[in-house]
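Novice: next comes the sequence, and after it the predicted model I'd like to discuss.
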Amino acid sequence: MSLLPSPSNQESTFPATSDLFLRHRLKVVEDMWESVLLSECGQELVDLLKQLRELCSPEGQATEDPQSSVADLIKQLDLNEAIRASRAFALYFQLINIVEQHYEQRNQQLSRRRSYRRSTEPELTPLSQGILKNGNSSLSTVVTVDKEVEIGNQVT
C-alpha cells in the first residue's frame with residue numbers, strides 16, 4: 001500500500017543516490033506503519049486504508065470518477081472507523097515528514113560543508129601550479145604562503 005508519490009520521468013531516468021536512499025527509507029517506514037496497523041488494529045483497517053488509497057490517483061489526489069468517490073466511502077464509515085482511519089493517516093504523515101525533514105537537513109548540512117571546503121581551499125597560483133607539474137616537494141610551503149597572503153598579507 002504505497003502512498004509515496006511516483007517519481008517524474010526526469011527523476012526515474014537518473015535518480016541521485018540520496019534520492020534512492022530517501023525513497024528506500026520512506027518505504028521502510030511505510031511497511032513498518034502497515035505492519036503495526038495490522039497487528040494493533042486488524043486487517044479491516046488495513047483493507048480500508050488500501051481501498052481509500054486505490055480510489056486516489058498515483059499523485060495522491062482524489063479522482064474525478066463519481067463512481068469511486070473517496071467522500072462516499074468515508075460517509076459510509078461509522079464514527080469509530082473514521083476516527084481510526086484519520087489517526088492512522090495522521091500517524092503515517094507524521095512519520096514520513098520526520099524522515100523527509102531528516103534528509104532535507106542532512107542534504108543542507110552536506111551542501112554547507114562542500115561550500116565551506118571550497119571557500120577554505122587555497123587557490124593555486126601559477127607558481128604553485130608549476131610546482132605541482134614538476135613534482136617539487138615544497139608545494140605545501142607555497143600553498144601555505146599563498147593562503148596567508150589571502151588572509152591579509154600577514155605571515156605568521
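Specialist: In hand now; what should we look at? Fair warning: this is a prediction, and the values are worked out from it, not measured in the lab. Numbers count the residues shown, from 1 in each chain.
Novice: and the helix of greatest length in the chain, what other elements does it pack with?
Specialist: Counting by DSSP state H, the longest helix found in the chain is helix 79-120. Secondary-structure packing of helix 79-120 (3 or more C-beta pairs under 8 Å, 6 or more residues apart in numbering; DSSP states H and E): helix 17-41, helix 43-54. For the C-beta atoms, the positions are set from N, CA and C on the backbone; glycine is no exception.
Novice: now mean neighbour count and distance to Val99 too, for the ones you listed, in TSV please.
Specialist: Output for the helices and strands packed on helix 79-120, formatted as TSV (neighbours: other C-beta atoms under 10 Å; distance: least, C-beta to C-beta, whole Å):
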stretch	mean neighbour count	distance to Val99
helix 17-41	14	5
helix 43-54	14	19
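Novice: so which of the ones you listed comes closest to His102?
Specialist: Counting by C-beta to C-beta, His102 lies closest to helix 17-41 out of these; the figure is 8.5 Å.
Novice: and the closest one, what does it pack onto?
Specialist: By 3+ C-beta pairs under 8 Å, 6+ apart, helix 17-41 packs against helix 43-54, helix 79-120.
Novice: surely Glu81 is in contact with Leu48?
Specialist: Yes: at 6.8 Å, Glu81 and Leu48 qualify as touching, with contact defined as C-beta atoms under 8 Å.
Novice: tell me the pLDDT at Ser68?
Specialist: Per-residue confidence at Ser68 stands at 56 (pLDDT).
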